[in-house]
Every structure is written in structure tokens, then in C-alpha cells.
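# Give the three-dimensional model of this entry:
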Amino acid sequence: MALEDASTTKKGIVQLSSATNSTSESLAATPKAVKAAYELANGKYTAQDATTAQKGIVQLSSATNSTSEMLAATPKSVKAAYDLANGKYTAQDATTAQKGIVQLSSATNSASETLAATPKAVKAANDNANGRVPSARKVNGKALSADITLTPKDIGTLNSTTMSFSGGAGWFKLATVTMPQASSVVSITLIGGADLTWGHLNRQVYLNLFCVQVMVIRRGLLVLYGSAHRQGLQILPGSIHLVILTIFTLQSEIMRLV
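All right, here's what the predicted structure looks like:
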């Protein structure tokens with residue numbers, strides 16, 4: 001029986017070869033060729049898992065809720081995340097008609113309707129407001145919404161200049177005095193001349209003065225001192241209205257209220 005050459009389809013005799021670059025399918029590799037191929041392969045890259053610190057092989061994942069740092073996202077998972085983000089809120093500036101993002105401002109003189117005040121600006125405005133008088137407050141019935149002018153009459157007192165009449169008579173309310181207790185003392189100095197009269201109506205004491213000198217209310221007793229007449233009137237503690245009914249060239253000044 002004659003021997004035939006071996007092939008990939010039948011048994012037979014073969015020729016050995018130590019080549020490492022041959023593509024022959026009719027030769028058999030020698031141990032030398034196998035050793036050369038092994039040593040070459042042994043010096044090549046050894047596959048390892050990829051991490052955030054080194055390159056390597058990875059497993060794919062289409063999950064969109066994974067926190068793994070060892071898997072690689074597939075196009076499917078990227079598309080799912082993109083579609084979700086695409087349907088979310090798109091930032092826009094806030095206005096008085098819509099919600100949105102704003103820029104902060106510490107200015108206290110801005111008229112902007114697109115900026116938001118910082119706590120610093122609010123504090124500055126609050127400190128400024130606390131240092132002002134409320135517009136609803138009044139002084140002797142006069143609102144403080146604008147500049148006001150006060151006269152001695154507004155605060156229940158007069159001086160020798162404002163309470164001066166020449167050759168005429170007139171009505172003038174001098175003061176309203178409240179006597180909280182019997183030991184209260186009110187002292188008024190009247191600089192003038194010679195005469196006075198007095199009367200009362202509806203629990204109010206009216207003095208008709210013709211240049212009187214001193215009037216003192218002490219312990220509920222109204223005492224009138226003048227160069228010509230002195231008369232006394234018992235007054236109970238309470239509200240006493242002192243009104244000058246008729247004045248002829250009279251000058252007056254309140255000296256003390258205790």
C-alpha cells in the first residue's frame with residue numbers, strides 16, 4: 001500500500017516545519033515553532049476588567065438606574081436617558097407673569113421686576129423703615145404725610161410774643177391741665193397789670209383777665225393773684241380747661257408744670 005500525503009480531509013504522511021509565518025495546511029508544526037508562538041503570545045496583552053483607574057474589557061448594560069462603575073452603557077440606555085431629559089423643564093427667566101430663574105440683587109434703589117432682593121437689601125430697607133415715623137401718626141391731630149407747622153397753641157402753650165394783643169379783645173385757649181392727684185401743682189406766670197374776673201360754665205373755668213400777675217393751682221384749689229383782686233375757687237381733681245376769654249394788651253408765659 002502506497003502512503004499518501006495528509007490533508008485536512010484525510011490521514012497521511014506529513015512534512016514538519018518550524019516556520020511561524022506559514023499558512024500551509026499540509027505541513028506539521030515542530031515543537032520549535034510551537035515554542036516560538038507561545039513565547040510571542042505570552043508577552044502580549046492579558047485581558048482584564050476595565051475600571052475607572054485602568055483600561056480593560058467591559059460588559060455592556062442597557063439599565064438606566066444602575067450605579068455600577070464596571071459596566072458600559074449601550075446606545076439603548078443613552079437614548080432612554082436623553083428622551084427623559086428632553087421632556088424636562090427648560091430654564092427660563094422669571095417675570096411677574098411666569099416662574100423661572102432669577103438673578104439676586106442687593107440694590108435698594110432698583111426698579112427692576114426681573115431681579116430678586118437679597119437678605120442684605122431687605123435688611124437695609126427694614127432698617128431704613130424702622131428709622132422713620134409712620135405716616136399714620138399725627139401730632140396734635142396733624143398727619144405726618146407732609147411737612148407740618150406747629151404753633152404754641154398746638155402744644156398748649158404760648159410765649160410773650162405770640163400771645164400779644166394790641167387794643168383788641170379775642171378768644172384764646174391757653175392750656176388743658178389734668179390734675180391726677182390733690183398734691184399736683186401747676187404754676188403759670190402772667191406778666192401784666194391790675195385786674196381780673198373769673199367764672200365757670202360746664203365745669204370749665206374761664207378767666208377774664210386784665211393784665212394779671214400770678215395764677216397757681218395747688219391741691220385742688222384755684223388761687224388767683226393780682227395787684228387788685230384775689231379770689232379763690234374750689235376745683236376737684238380732674239380736667240381743668242384754662243381759657244382766656246377777653247384780653248387787652250396781655251403778655252403771658254408758662255413757667256412750670258409739675
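# residue ranges of the strands in the stretch 1-150 of the chain, please?
Counting by DSSP state E, counting those that start in this stretch, the stretch 1-150 of the chain has strands at residues 15-17, 27-29, 59-61, 71-73, 103-105, 115-117, 138-139, 142-143.
# Reformat those as a markdown table; add mean neighbour count and mean pLDDT.
Any C-beta I mention is one placed from the backbone N, CA and C, and that applies to glycine too. As requested, the strands of the stretch 1-150 of the chain are exported to a markdown table (neighbours: other Cβ atoms under 10 Å; pLDDT from 0 to 100):
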| stretch | mean neighbour count | mean pLDDT |
| --- | --- | --- |
| strand 15-17 | 12 | 92 |
| strand 27-29 | 15 | 92 |
| strand 59-61 | 12 | 94 |
| strand 71-73 | 15 | 94 |
| strand 103-105 | 12 | 95 |
| strand 115-117 | 15 | 94 |
| strand 138-139 | 12 | 78 |
| strand 142-143 | 12 | 78 |
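# Please, where are all the helices along the stretch 51-200 of the chain?
75-86, 119-130 (DSSP state H, counting those that start in this stretch).
# Tell me which of those lies nearest to residue 43.
helix 75-86 (35.7 Å; Cβ to Cβ).
# And for stretch 5-22, what's in contact with it?
Stretch 5-22 has contacts (Cβ atoms under 8 Å, 6 or more residues apart in numbering) with 3-4, 24-30, 32-33, 36-37, 40.
# Where helices are concerned, which of these count?
32, 33, 36, 37, 40 (DSSP state H).
# What's the end-to-end length of stretch 69-81?
Counting by Cα to Cα, to the nearest Å, you get 17 Å between the two ends of stretch 69-81.
# Identify the residues contacting it?
Stretch 69-81 is touched from outside by 49, 50, 51, 52, 58, 59, 60, 61, 62, 63, 64, with contacts defined as Cβ under 8 Å, 6+ apart.
# run the last query once more with 6 Å
Residues from elsewhere that reach stretch 69-81, judged by Cβ atoms under 6 Å, 6 or more residues apart in numbering: 52, 58, 59, 60, 61, 62, 64.
# how near is the second one to residue 70?
It refers to residue 58. Residue 58 sits 7 Å away from residue 70, going by Cβ to Cβ, to the nearest Å.
# I'd guessed residue 142 sits against residue 150; true?
No - counting by Cβ atoms under 6 Å, residue 150 is not a contact partner of residue 142; they are 7.6 Å apart.
# ok, back up a step: out of the ones in helices among the contacts of stretch 5-22, who's the most crowded?
The most crowded member of those, judged by other Cβ atoms under 10 Å, is residue 33 (18 neighbours).
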